[in-house]
Each structure stands twice: as C-alpha cells, then as structure tokens.
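> requesting a structural model of the entry that follows:
(one chain, ligands or ions: 3)
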Amino acid sequence: MEERLLEIRNLKVYYFARSGVVRAVDNVDLFMNKGETLGVVGESGSGKSTLGLSILKLVPPPGRIVDGKILFDGIDITKLSEEEMVKIRGKRISTVFQDPMTSLNPLMKIGDHLIETIMVHEDVTREEAKERALSLLDAVGILPDRINDYPHQFSGGMRQRVMIALALALNPDLVIADEPTTALDVIIQAQILELMKRLKKRYNMGIILISHDISVVSEIADRIALMYAGQVVEFADAISIFEKHLHPYTEALLRAIPNIELADQELVYIPGSPPDLTNPPKGCRFYPRCPYAMDICKRKEPPAIKVKPEHMVKCFKYQ
Ligand code: ATP
Ligand code: SF4
Ligand code: MG
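Ligands and ions are numbered 1, 2, ... in the order given. I've put the predicted structure just below:
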C-alpha cells in the first residue's frame, strides 16, 4: 500500500495587495505518495511558486494561507507555529530554486555550506559532517577537490548541483524544486534532470518539480498537476496526462511543445493571456481562451470531476 506524503485540500492562498486581493491559489486539491515526483505545470503567474511556498509556510506578506489543509505525513502544516516549521524546513522538506546564487553565501566555501547545514541540524562532529559533505558532492557529480571552492568558481549547472547536494544534506522526505533548470541551457538542463531522477531513486525522497515547461516535468514526474489562474484544472498520473489528457488547457500546452523531429513545423501558442487574479472570470477561468467554450462555461465555475479515482479534470465537457 502506497503511503501518502502530501495531501492538499481546498487550499486558498491570497495576496492582500493594495490594488486588490490576488487569488493566487484558489481551491487547490492535490496529493502525492512517498517517493513520488509531482510535476506542477502552468504559465507564468498561475500560482505555482505560491503553492510551493505554502507547503513551506513561507508565503511572503501581503500573502497568507486563507483556508484549507496541507497534510504533510499526516500533520497539517497550516496549523504549525513558526517554531515547529523551523524543525521541518531543510530537515524534512527542502528546496532548490531557479537561481542558486541567491541562496548561496558568496563568501562561504561550498564545503562549509554543506558542513554547517549538517552540523546545525544534527549532532555530529565536523569530521563526520565533512565526510557526509564529500559523499553528497560525489552523489551530485562534483569532484572532492572542489570542496574548498567558492560559489562564483562554479558554472550555473555546477552551482545547481551544489544546491541539490544542500537540499539532500539532511535526508529530507520532500524536495521542492521551483524552476530548477530554467536558467540553464538545454544540455545542462537535461543533465540536471537526469541527476534528479537518479537521486530520487537512490534517496527515495518525494520531489515537487515546478515548471512552466511541461516537457521538463515529463522527464521525471509520476503525477502532474496543471495549474491555470490559481487553480488545478487537471491532475493525473503522468501517463494519463500525456496520453489521455482531457482539459483544453492541457491539450494546448502539449501542442505548444516543439517537436525536434519536425523541422519546419509551426510552433503553436495559446492565444490570449491568463486572467487578472484580482478579478478572475466568473465562470471557467479558461473560458476566454478556450476553443470548446460553451454557454455554461461563462456563467458557472466547472466542478472538479473525477473521471477515474486518480484523474481529476475541471471542465464542463466531462460532466
Ligand atoms: P512564474 O512562472 O512567473 O514563476 P508562478 O506560477 O510561480 O509564476 P506565482 O509567483 O505563484 O506564480 O504568482 C501567482 C500570482 O500571485 C500572480 O498573479 C502574482 O502576480 C501574484 N503574486 C505573487 N507574489 C505576490 C506578492 N508578493 N504580492 C502580490 N501578488 C503576488
Ligand atoms: Fe473550456 Fe468550458 Fe472546459 Fe472551461 S469548462 S475548459 S471553457 S470547455
Ligand atoms: Mg514561480
């Protein structure tokens, strides 16, 4: 029996900005089991990062979790105090972001980054922590003699490997990777994804991989959630998403993937732009861009429909 690692129920996260209330995450339901990779995909501004930050309880003001539950290993994170969250962050849930330079101290050797992280959280000697740091560097493909180098001495791809080693340092149950390869060129991007795939098997941790690019998550995701305008519009196992997707937005995103085998194909863009989240359309949020829109779509919000026990779609076409 597979064990639930994370279950999000009816989550609402809003930013109370001066210009209005931004409903960045609005009624999101999701789950993932231990050791799985969940891909979260959607256009810019669809609420992906806000969702990731909610799981760490790090949504910056004026944002706040307004409603819902985030059950991590059975514990509702929304109810925990900052003191309790400090024990979870890094140790049980860690992160990898797009730009490692903002997370690494430029004045600290990468080995010291790893050693300090381990020593702050665990009762080990410096020697033991160094031993672990070296084995982590080895796991991410960095040679041991680079332990005394500073972040600026590494290329973008190598720095991202350092970030991944740091994220793994305390053996977390869940790693949230928010656009971890977006700043890298395609070859390095592929290497980093390959590395994450290998490490996931070796350490058996769960990964939430956030990306605007569905082809990136296709490499490693077991499940995929498609986000549109603050909502999950389709959620299923990766095979169903690629072979039996139902939502018009999923269809549009998949059509927009360039196929390198077709030399002079036209790249398909999704016409229109995502709605303003301070004032989203009343009915289906995808209505203004949907080629299948019906009259009801304009008036009513589509319900979450379970076409299979683990395949959800929010669209009137399937009611
Ligand atoms: P991207 O792909 O560009 O990273 P995203 O899917 O991660 O986008 P979020 O960053 O979660 O999207 O943003 C969701 C919505 O919340 C957007 O409309 C954004 O403008 C808004 N938002 C994010 N941070 C803030 C903030 N600090 N104050 C007000 N609104 C915010
Ligand atoms: Fe399109 Fe209607 Fe489905 Fe929304 S509910 S995606 S507008 S068909
Ligand atoms: Mg983001």
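
> what helices or strands is the helix or strand harbouring T250 leaning on?
According to DSSP states H and E, T250 maps onto helix 248-255. Helix 248-255 makes packing contacts with strand 223-228, strand 231-237 when contacts are defined by 3 or more C-beta pairs under 8 Å, 6 or more residues apart in numbering; DSSP states H and E. C-beta here means a position set from N, CA and C on the backbone, and glycine is covered the same way.

> the longest one near ligand 1 at all?
It stands for strand 231-237. No: legend: contact between strand 231-237 and ligand 1 by C-beta under 6 Å from any ligand atom is lacking; minimum distance shown is 11.4 Å.

> please save the CA atoms from the next helix or strand after that strand in PDB.
Using DSSP H and E, the helix or strand that follows strand 231-237 in sequence is helix 238-243. C-alpha atoms of helix 238-243 as PDB (Å, rounded to 0.1, in the frame of the first residue of the first chain):
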ATOM      1  CA  ALA A 238       1.900  11.300 -15.900                       C
ATOM      2  CA  ILE A 239       0.900   8.700 -18.500                       C
ATOM      3  CA  SER A 240      -2.700   9.800 -18.400                       C
ATOM      4  CA  ILE A 241      -1.700  13.400 -18.800                       C
ATOM      5  CA  PHE A 242       0.400  12.600 -21.900                       C
ATOM      6  CA  GLU A 243      -1.800  10.000 -23.500                       C
END
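
> what about whichever residue of the stretch 101-250 of the chain sits closest to ligand 2, distance to Q153?
For the stretch 101-250 of the chain, the residue closest to ligand 2 is P248, as judged by C-beta to the nearest ligand atom, at 4.5 Å. Applying C-beta to C-beta, to the nearest Å, the value for P248 to Q153 is 48 Å.

> ok, now E84?
Following C-beta to C-beta, the distance that separates E84 from Q153 is 37 Å.

> the residue in the stretch 101-250 of the chain that ligand 1 sits nearest to: neighbouring residues, count only.
Scanning the stretch 101-250 of the chain for proximity to ligand 1 using C-beta to the nearest ligand atom identifies H212 as nearest, at 4.9 Å. H212 is flanked by 18 other residues according to other C-beta atoms under 10 Å.

> before we move on, back to that, next, the buried residues of the helix holding T250.
248-254 (16 or more other C-beta atoms under 10 Å).

> which residues of the stretch 1-150 of the chain score low on pLDDT?
For the stretch 1-150 of the chain, the stretches flagged by pLDDT under 70 are 1.

> what about the spatially most central residue of the chain, which SS state?
By C-alpha atoms, centre = their mean, the chain has its centre lying nearest to I210, at 2.8 Å. Applying DSSP: H, G, I helix; E, B strand; the rest coil to I210 yields a three-state assignment of strand.
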